[in-house]
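Peer 1: coordinates for the following, if possible.
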Amino acid sequence: AVPPELLCICLDVSASMGAPQPDGRPSYLESAVKAIDLIVQNKILHTKKDEVALVLFGTEDTHNDLADGTSYQHIKTVREVSPPDLQLLRYIENSIIPSTSAACFVDAIVVGTGVLVTTAEARKKFDLRLIVFTDAASNFNDDAVDDIISGLKARDVALQVVGIGFGDDGDDEGESEEHRHKHIDHTPRQREAIALLKRIVTEVEGQLFSFDSAMTMVSQFRKHTVKQVTTFRGCLEIADLKIPVWAYSRQRRATAPTFKKLSSLVEYNPADPSSGKVERRITYHKAADDEVEIPDKTSLLKGYRFGRDLVPWNPEEEDLMKIKGDKQLAVICFTDAKNIPRHHYMGGNIVSFVSPPGDETAATALAGLCEVLYELDKVAVARYVFRTNAAPKLGILIPHVKSDYTTLLFVQIPFSEDLRLTQFPKLRAKKAPGSTPAQAAAMDAFIDKMDLMTAYTDEDGDAVEALQPKKTFNPVIQHIYQCVHHRAMNPDAPVPELDEMIAKYVRIPDSLKSKAAAEAAKIKEEFPVTVKEDKRTKGTAARLWASANAAEGDGDEERKRARLLQDGEDLSVASMLRQEVTQVGSLTPIEDYIALVTNPREDLLVRASKEMMKRVDDLVELYIGGSTGHFRGMIEVLRKHMMPDETPLFNSFLEALKVTILAQPALRKPFLDDLINGGLSVISTAENPASTYSPEQAAVFLAAAPAVVDTPAPMAVVEEDDLLDEL
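Peer 2: The predicted model follows:
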């Protein structure tokens, strides 16, 4: 478990920190206050047991437990260690101002450490952390630095120093232009102070941040810390082999914070959180008489709909219906990683399986399995039941091999019922022309320039990846936190605009836009877009009435009728009521098929042709004599539209249809006559080179069928016993 934290923030408020910066940029103190404000916000929103103290050094007055009239002067303990609240936030945002005095940052470290140690002595299992914000421009005393370093180590205090105006190496590397402080402004004494801070941080194994790095650190604080607990303790079963493993949640979808319901009928008192609280109660009533309440909930049953009926189930029967079993992690088989499509990865929780602490045998076995799977690029398909009687999950175990550890990552994959086999139209119709070499080159160059892997530049000037998942926060959740903080500080203010720090997660990086500007312009040039009016956007009836209204008042009925009939408009009631065709129906299959294959918005030829073939098969199968209906017309329209691009599919269909017809004597004459009289044979190479039939073979395709001879069917001899049986 992660122990709670006692945090002391030491802020330098001396004159140099409050000095205005060129071009109206915020002062060092204003920037530091913003960072501290974010830290405290994070503590309020995400941690329930962490506590915070605030110490200012460089103040006009002195107020701390170590001050004796000559030492530790101009250092003020504003807030002792206590849970963070709105009062502390209001002080940070509204009451911190620069002073004209200065104080030693070494003394401030001693005072801050004392605040932490005094509180920690009365408590147990707390981590201690001290953060110091300073520009190191004030005088300092390094006489007792060795003792201070020893004290920090002895009390296990984590020290973090945010050096504003100097980088990690004592110079300006790592600072943005907004907070850059050139060497010429660093006095010799300030350089000594920077070196001393580096020494202290190095010896206590702390951290020294530039301001930009600190803001990144603060942003990383803006997420909820989760207690690390196991979700499964058992064995990984591979046939008769069992490897002890523990499971931890490695990745889980974060949800937005929930809001408590308060009554608007009473005045809410911020000092009393229970005021205005609303309790929800659920009652059950009979449908026939809603005034009669059912007091005993145990008398209620669940009903599952089965058609129009409801099938009742009591809790005992419902429990028996569930599949029960012991918790288990069992390998079903091994397969190549490429056999599991990436879009089959599902589930909002990624589980990491590791060996139990101290079990060297299990660690060796698991590491060997991971390394072999990694080298062979394979995964293990497994059945996972995380606790007894839980629903089993099907998933894959992916090897995750790093230099210092190895683990198996469990990712859930779908069962058959989980799949949605949705069909989508092709991106480009077959008849449409492909992209030109110039268009392909322009798109290729644009993609290269928009590559996130080289979008950002680090402190050393090297290209690095942008929007890394570990450093990219959910803007929706972060904006909620921003709004809640703003409303808490300003109850009557409107909802604030999206903070710039949050907005960068939803915007294209400026570096990418400037880098790809020329390529984007080339894309516009190679792919011109024109607006084309779609007459179908307005319904037929609406267009008719609009035309009629436009014609009113001219007194010429003939001109009015001519307007209604322009462009060959169909004025029938059926055309007005006809809905958009989505499939080949049985009532008007030919019209439906033509409407689908001539749809300019998407290529539906193959889908519509298969639906039409199904209609033909149904017509032949259900034939009971008489007319063959739309048979010949359906074959004709299929042949016409499939000839250019789908000749093999049509020929295969006609071959199968011929076999079906010849297999039943009753079908030969009506349907073969339709095909022969209509000249509806297979498509030959003369019509489409993609065909496998020569013109000669196509000519004898139907002629090769045996002649159909009408012969009277023999009379069945009915025995008297058969008649008696029927009676």
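Peer 1: count of residues packed around residue 105?
Peer 2: The number of residues packed near residue 105 is 29, by other CB atoms under 10 Å. In short, each C-beta sits where N, CA and C put it, glycine included.
Peer 1: quick one: it from residue 200, how far?
Peer 2: Per CB to CB, to the nearest Å, residue 105 is found 10 Å from residue 200.
Peer 1: the longest helix anywhere in the chain - what's its average pLDDT?
Peer 2: The single longest helix within the chain, with elements called by DSSP state H, is helix 28-46. The average pLDDT within helix 28-46 is 87.
Peer 1: neighbouring contacts of whichever helix or strand comes after it?
Peer 2: Following the chain from helix 28-46 toward its C-terminal end, the next helix or strand by DSSP states H and E is strand 51-57. With contacts defined as CB atoms under 8 Å, 6 or more residues apart in numbering, strand 51-57 is touched by 4-14, 36, 40, 43, 64, 74-84, 88, 91-92, 96, 103-105, 107-108, 111-112, 115-116, 119.
Peer 1: give me that answer again for 7 Å
Peer 2: Counting by CB atoms under 7 Å, 6 or more residues apart in numbering, the neighbours of strand 51-57 from elsewhere in the structure are 6-13, 40, 43, 74-84, 88, 103, 105, 108, 111-112, 115.
Peer 1: pull out the buried positions in the helix or strand just after that strand.
Peer 2: Elements were assigned by DSSP H and E; along the chain past strand 51-57, the next helix or strand is strand 75-82. Applying a neighbour-count criterion of 16 or more other CB atoms under 10 Å, one finds 75-79, 81 buried in strand 75-82.
Peer 1: avg pLDDT for strand 75-82?
Peer 2: The predicted confidence, averaged over strand 75-82, sits at 94.
Peer 1: that one - contacts with which helices or strands?
Peer 2: strand 51-57, helix 105-120 (3 or more CB pairs under 7 Å, 6 or more residues apart in numbering; DSSP states H and E).
Peer 1: how much does the longest one deviate in direction from strand 75-82?
Peer 2: For helix 105-120 and strand 75-82, the angle between their directions (axes from the mean of the first three to the mean of the last three CA atoms, to 10 degrees) works out to 30 degrees.
Peer 1: so what's the gap between helix 105-120 and the chain middle?
Peer 2: Taking CA atoms, centre = their mean, to the nearest Å, one finds the center of helix 105-120 at 44 Å from the center of the full chain.
Peer 1: and after that helix, which helix or strand comes next?
Peer 2: Note on helix 105-120: by DSSP H and E, the next helix or strand toward the C-terminus is strand 127-134.
Peer 1: next SSE after that next one?
Peer 2: Remark: after strand 127-134, the chain's next helix or strand is helix 145-154, criterion DSSP H and E.
Peer 1: output the next helix or strand after that next one as CSV, restricted to C-alpha atoms.
Peer 2: Once helix 145-154 ends, the next helix or strand along the chain (criterion: DSSP H and E) is strand 157-163. Backbone C-alpha positions of strand 157-163 (Å, rounded to 0.1, in the frame of the first residue of the first chain) are rendered in CSV as follows:
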residue,chain,number,x,y,z
VAL,A,157,13.0,13.4,3.8
ALA,A,158,12.6,13.5,0.0
LEU,A,159,14.0,16.8,-1.2
GLN,A,160,12.9,18.4,-4.5
VAL,A,161,14.2,21.8,-5.5
VAL,A,162,12.6,23.9,-8.2
GLY,A,163,15.3,26.3,-9.4
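Peer 1: which SS class is residue 627?
Peer 2: Secondary structure assignment for residue 627 (DSSP: H, G, I helix; E, B strand; the rest coil): coil.
Peer 1: hmm, back to that, need the buried residues of strand 75-82 in TSV with distance to residue 691, can you?
Peer 2: Supplementary listing: those in TSV, determined by distance: CB to CB, whole Å:
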residue	distance to residue 691
75	94
76	93
77	92
78	89
79	87
81	87
